[in-house]
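[1] Give the three-dimensional model of this entry:
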Amino acid sequence: MVMLEIEVMNQLNHRNLIQLYAAIETPHDIILFLEYIEGGELFERIVDEDYQLTEVDTMVFVRQICDGILFMHEMQVLHLDLKPENILCVNNTGHLVKIIDFGLARRYNPKEKMKVNFGTPEFLSPEVVNYDQISDKTDMWSMGVITYMLLSGLSPFLGDDDTETLNNVLAANWYFDEETFEAVSDEAKDFVSHLIVKEQGARMSTAQCLAHPWLNNLAEKAKRCNRRLKSQILLKKYLMKRRWKKNFIAVSAANRVKKISSSRALMALGGLSPRSGGGLDAAPRWPGLRPHSPEGQGRGPTPGWAGQDKAAPGREARGSPRPHTATAAPMRAASDVAWMHPADASPDGLRPIGRRPDATGPLFLPWLPLWNCCLVTLLGPARASLA
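    Below is the predicted model of the structure:
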């Protein structure tokens, strides 16, 4: 999966897409060296008290995102995970944004049928939830949801849980809140209305989005449209709720790992094996562990749907609120990344996978995620007892 991500990113050399500069393989990991983006998430920038968000600002952001998506689609690549966390500001002062995280991106051939069952429930299109055939219009549904949120600060399909959210998506159950959209132009509403459409064929393409009246004549509109949007206040509440949920998931995962490691340590001390007899069931009922179930691979929203607990082969599960790492983007051609023969590996075990010869920008090395550190901390005592 990582090699697919590298291959995809090598084809996406665009100012609104994060850039990949090099990749290195170690005995256990593949490390990507990415373009450093210091501005943080777009939504985090918008909710800053010193920032005045107007509708023209939203037009500028949306047009750049559409530019990046257009380039991806021209290269026959679908992102399939467009959401606010994957839109970053280049710095803290300008308006330049970049799309990141191509871990779920797929190559797309219009002549071939493709189905996927992953993503973030809140931004999924109906065809993904239904496990139907997808197209380049799948990304445009997500673009419509992001635009809706920028203008209003509300999430059109968010429910109390993922199941309710997915049911809302399937029903295409949304509307323009009268109070929050009071100061929003009719052109903006028309733009969103032609993206959040259940039928793929009725949605605008990226080229049609860029030709839409709402995204044109920005200089003229900036002179007469400087009213602050109400979405800033509501977006702040949305982000606070997202942080709380993210922290809750992290703590729950750490507690589950702790229970599992404690159970294994006790079994080792007692001379028992989880899969042997010794008075234990063949399938041990460890606290916090849920048996694997094929549910969710069928159609429709279920609590075991892939967007929550499952992942594509070789990747970690991508639940609704997952922390982003600015995973980088493309080089100019697949040939820019070439594997090195193991005999040429350096003594420390590092093998460079590739680096753009013309790459001169700053590099960013992702840090080990916090929950990995939790795993090491929690599993330490168990390993000591097993030894």
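[2] Strands along this structure, start to end?
    Secondary structure of the chain (DSSP state E): strands located at 20-25, 30-35, 77-78, 87-89, 97-99, 106-107, 351-355, 363-364.
[3] Quick one: list the elements packing against the fifth one.
    Counting contacts by 3 or more C-beta pairs under 8 Å, 6 or more residues apart in numbering; DSSP states H and E, strand 97-99 packs against helix 55-74, strand 87-89. Glycine gets a C-beta too; all of them are placed from N, C-alpha and C.
[4] Can you list the buried residues in the shortest one?
    Spelled out, that is strand 87-89. 87, 88, 89 (16 or more other C-beta atoms under 10 Å).
[5] got it, and stretch 41-51?
    Neighbour-count burial for stretch 41-51 flags 41, 42, 43, 44, 45, 46, 47 (criterion: 16+ other C-beta under 10 Å).
[6] Next: stretch 147-166.
    Within stretch 147-166, the residues scored as buried using 16+ other C-beta under 10 Å are 147-159, 162-163, 165-166.
[7] Report the rounded mean pLDDT for it.
    Average pLDDT, stretch 147-166: 92.
[8] what does stretch 110-129 give?
    94.
[9] now swap in stretch 35-48 and tell me
    Computed over stretch 35-48, the average pLDDT equals 89.
[10] Kindly check the end-to-end length of it for me.
    With C-alpha to C-alpha, to the nearest Å as the measure, stretch 35-48 spans 24 Å from end to end.
[11] quick one: low-confidence parts of the protein?
    Scanning the chain for pLDDT under 70 picks out the ranges 49, 239, 241-249, 266, 268-387.
[12] try it again with 90
    For the chain, applying pLDDT under 90 flags the ranges 1-3, 43-53, 92-94, 110, 153, 160, 173, 178-180, 182-183, 219-387.
[13] burial count for residue 21?
    22 (other C-beta atoms under 10 Å).
[14] Surely it and residue 36 touch.
    No - using C-beta atoms under 8 Å, residue 21 is not in contact with residue 36, being 9.8 Å away.
[15] Okay, helices next: where are they in the stretch 101-250 of the chain?
    126-129, 137-152, 162-171, 186-193, 206-211, 218-224, 231-269 (DSSP state H, counting those that start in this stretch).
[16] Identify the residues contacting the shortest one?
    Contacts of helix 126-129 with the rest of the structure, by C-beta atoms under 8 Å, 6 or more residues apart in numbering, involve 80, 116-119, 121, 132-134, 138, 141, 166, 169-170, 172, 198, 200, 300-301.
[17] which residue sits closest to residue 174, ignoring its sequence neighbours?
    Among residues not flanking residue 174 along the chain, residue 156 sits closest, at 4.0 Å (C-beta to C-beta, 6 or more residues apart in numbering).
[18] let me fix that: residue 109
    Nearest residue to residue 109, sequence neighbours excluded (C-beta to C-beta, 6+ apart): residue 76, at 6.6 Å.
[19] OK, contacts around the one you found?
    107, 108, 109.
[20] Using PyMOL, make a named selection holding only the buried ones among the contacts of helix 126-129.
    Here is the PyMOL command that selects the buried residues among the contacts of helix 126-129 (16+ other C-beta under 10 Å):
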select buried, resi 80+116+117+118+119+121+134+138+141+166+169+170+200+301
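[21] For stretch 182-199, which outside residues touch it?
    Here stretch 182-199 makes contact (C-beta under 8 Å, 6+ apart) with 55, 58, 62, 126, 140-141, 143-145, 147-148, 151-152, 156, 172, 174, 176, 181, 202-204, 208-209, 212-215, 225, 227, 229-230.
[22] Give me the buried subset of those residues.
    Using 16+ other C-beta under 10 Å as the burial test, these include 55, 58, 62, 126, 140-141, 143-145, 147-148, 151-152, 156, 174, 176, 181, 203-204, 209, 212, 214-215, 229-230 as buried.
[23] and of the buried residues of strand 87-89, the nearest to residue 28?
    residue 88 (28.0 Å; C-beta to C-beta).
[24] Could you list everything that closest one pairs with in the sheet?
    residue 41, residue 98 (DSSP bridges).
[25] OK, contacts around it?
    Residues counted as contacts of residue 88 (C-beta under 8 Å, 6+ apart) are 18, 37, 39, 40, 41, 42, 97, 98, 100, 326.
[26] Now the third one: closest residue in space, sequence neighbours ignored.
    Okay, so that is residue 39. Counting by C-beta to C-beta, 6+ apart, residue 39 lies nearest to residue 89, which is 2.9 Å off, once chain neighbours are set aside.
[27] Could you identify which of the contacts of residue 76 has the most neighbours?
    Ranked by the number of neighbours (other C-beta under 10 Å), the contacts of residue 76 place residue 108 first, at 19 neighbours.
[28] didn't it look like it was pressed against residue 78?
    Yes - with contacts counted by C-beta under 8 Å, residue 108 reaches residue 78, the gap being 4.8 Å.
[29] one step back: do you know which of the helices of the stretch 101-250 of the chain lies nearest residue 51?
    Closest approach to residue 51 among these (C-beta to C-beta): helix 231-269, 7.4 Å.
[30] Run a quick neighbour tally on residue 190.
    Residues near residue 190, counting by other C-beta under 10 Å: 12.
[31] Let me know the distance separating the closest residue to residue 113 other than its chain neighbours from residue 205.
    Nearest residue to residue 113 in three dimensions, chain neighbours excluded: residue 133, at 5.0 Å (C-beta to C-beta, 6+ apart). Between residue 133 and residue 205 the computed distance is 17 Å (C-beta to C-beta, to the nearest Å).
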